[in-house]
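Participant: when you get a sec, could you give me coordinates for this:
(one chain, ligands or ions: 1)
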Amino acid sequence: MTSPKVLISRKLPEEVIAYLSEHCEVVRWSQDGFMPREQALAMLEDIDAVLTTSLNIDDEFLRHAPKLKIVSNISVGYNNFDTAAMKARGVYGTNTPSVLDDSVADVALALMLASARRVTELDQLVKQGGWQRGKLKEEDLFGLDVHHATVGIIGMGRIGEAIAQRTKFGFNMNVLYYNRNRKPDAEEKLGVQYRTLEELLRESDFVVMMTPLTSETTHMIRKEHFAMMKQSAFFINISRGQTIDEQALIEALQEGVIRGAGLDVYTQEPVDPNNPLLSMPNVVTLPHIGSATAKTRFDMAMTAARNVLTALQGQTPPDLVNELK
Ligand code: NAP
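Facilitator: Numbering: from 1, shown residues only. Purely as a prediction, here's the structure:
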């Protein structure tokens, strides 16, 4: 019997490749970056499983892959899946929940602290020789306290809860949340308080966007929402760039509607070097690194590989996404 064939569209740790190779024939992209879509499409004819973070799994993709049983995303977000098309063809779709929660929550805190205490801006000031006695007024260096401030988390899921835990118990913050469904367990365990979206935006010193990207959450935060925020508040986006109207954020920052922002995600990635957000000193910009530590990325790749092998053994993979259950 021939081994099932797995296509891997990005570089993965050798240990994960070796694990998959024990059971499968592996075809992989071993350069930096991601396998281009056209190249993937040309190879799909006899592929049983795909591991990816970047390929859009739509009708065209599925038409090229008559043997495909599973697409295993090496990420928790799966906005690259056309779940209706996958369901129609009986293709499993999986993600890698839980193993990255703490790493992503750490970056949310990093963005809050860096933007409010002006870490990147003042780092530049020091390195460029601007820290000179007599040249700066005391208040030129002032930021906003993070401790004891109010944070509003939009999307109280696994990562939202990890952010709530840090902000509540590490920084003594008042933690508000807005979610599609109310979370009584989180309210009890973490002492977080439910608010409507509008109430959360009006009351928070920090607004953290943490929902998945879906048709419901696309441009969920727009001009009118930034207008509801405090003028002294910071907006943190670590979900997906398209959950907010980025142009509206740019204008809110340019017009002083809010004080600053911390961003890990953008409408276009990699972000356009001419994007005005990149030249704003009150905006901290990271290159989509929420889960980017060697350990977490390894755990994500292993989780994704296990999902593939389970599906190829004829069982339901553990991390099948909700829409395909
Ligand atoms: P999760 O556990 O599924 O949590 C998502 C939460 O968002 C759930 O509580 C869900 O509510 C809520 N939600 C969904 N749609 C909503 C809506 N229309 N309005 C209000 N709330 C809504 O997911 P997670 O593991 O925390 O991850 C969240 C997202 O973070 C991922 O999908 C991914 O896009 C992003 N992410 C980014 C990075 C990065 O590197 N920047 C890394 C990891 C994840 P219900 O429970 O009521 O459905």
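Participant: Phe81 against Ser72, yeah?
Facilitator: No. Checked against C-beta atoms under 8 Å, the pair Phe81 and Ser72 is beyond contact range at 10.9 Å. In short, each C-beta sits where N, CA and C put it, glycine included.
Participant: who's more crowded, these two?
Facilitator: More crowded of Phe81 and Ser72, by other C-beta atoms under 10 Å: Ser72, with 27 against 23.
Participant: all strands of the stretch 151-300 of the chain, in order?
Facilitator: 174-178, 193-194, 206-209, 234-237, 260-263, 283-285 (DSSP state E, counting those that start in this stretch).
Participant: quick one: the fourth one near the ligand?
Facilitator: Put plainly, it is strand 234-237. No. Judged by C-beta under 6 Å from any ligand atom, strand 234-237 and the ligand are separated, with a smallest distance of 8.4 Å.
Participant: Provide the strand pairings for that strand, with the direction of each partner.
Facilitator: strand 206-209 (parallel), strand 260-263 (parallel) (DSSP bridges).
Participant: so which of those strands is the most packed in?
Facilitator: Sort the strands paired with strand 234-237 by mean neighbour count, taking mean count of other C-beta atoms under 10 Å, and strand 206-209 sits at the top with a mean of 27.
Participant: going by proximity to the ligand, name the top residue of the stretch 201-325 of the chain.
Facilitator: At 2.3 Å from the ligand, Gly290 is the closest residue in the stretch 201-325 of the chain, using C-beta to the nearest ligand atom.
Participant: so that residue is in contact with Gly262, correct?
Facilitator: No. Using C-beta under 8 Å, Gly290 is not in contact with Gly262; the gap is 11.9 Å.
Participant: how about the residues of the stretch 201-325 of the chain by the ligand?
Facilitator: So the stretch 201-325 of the chain meets the ligand at 210-214, 216-217, 238-240, 264-265, 288, 290-291 (C-beta under 6 Å from any ligand atom).
Participant: most neighbours among those, which one?
Facilitator: Highest neighbour count within those, by other C-beta under 10 Å: Ser239, with 28 neighbours.
Participant: residues contacting the residue lying closest to it once chain neighbours are set aside?
Facilitator: Of all residues not flanking Ser239 in the chain, Met209 sits nearest, at 4.8 Å (C-beta to C-beta, 6 or more residues apart in numbering). Met209 sits next to Ile154, Gly155, Met220, Ile221, Phe235, Ile236, Asn237, Ile238, Ser239, Thr243, Ile244 when contact means C-beta atoms under 8 Å, 6 or more residues apart in numbering.
Participant: I'd like the distance between the second one and the ligand.
Facilitator: In this case it means Gly155. Gly155 sits 3 Å away from the ligand, taking C-beta to the nearest ligand atom, to the nearest Å as the criterion.
Participant: so for that residue, what's the pLDDT?
Facilitator: What the model reports for Gly155 is a pLDDT of 98.
Participant: now do Arg133
Facilitator: Value for Arg133, per-residue pLDDT: 89.
Participant: isn't there a strand covering it?
Facilitator: No. Using DSSP: H, G, I helix; E, B strand; the rest coil, the secondary structure at Arg133 is coil, not a strand.
Participant: and it, how many neighbours does it have?
Facilitator: 5.
Participant: same check, this time on Glu251
Facilitator: 14.
Participant: so which residues on the stretch 1-150 of the chain come close to the ligand?
Facilitator: Near the ligand, when you scan the stretch 1-150 of the chain using C-beta under 6 Å from any ligand atom, you find Val76, Gly77, Pro97, Leu100, Val104.
Participant: show me what counts as buried in the longest helix along the chain.
Facilitator: For the chain, the longest helix by residue count, based on DSSP state H, is helix 294-312. Buried residues in helix 294-312, defined by neighbour count with 16 or more other C-beta atoms under 10 Å: 296-297, 299-312.
Participant: repeat that for stretch 128-139.
Facilitator: Buried residues in stretch 128-139 (16+ other C-beta under 10 Å): none.
Participant: okay, the strands paired with strand 234-237 in CSV with mean pLDDT and distance to Ala116 next?
Facilitator: Shown next, in CSV, are those (pLDDT from 0 to 100; distance: least, C-beta to C-beta, whole Å):
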stretch, mean pLDDT, distance to Ala116
strand 206-209, 99, 7
strand 260-263, 99, 7
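Participant: switch those over to TSV; also include distance to Ser30.
Facilitator: Formatted as TSV, the strands paired with strand 234-237 follow (distance: least, C-beta to C-beta, whole Å):
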stretch	distance to Ser30
strand 206-209	34
strand 260-263	31
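Participant: and Asn322, which of those is closest to it?
Facilitator: Among the strands paired with strand 234-237, the nearest to Asn322 by C-beta to C-beta is strand 206-209 (20.3 Å).
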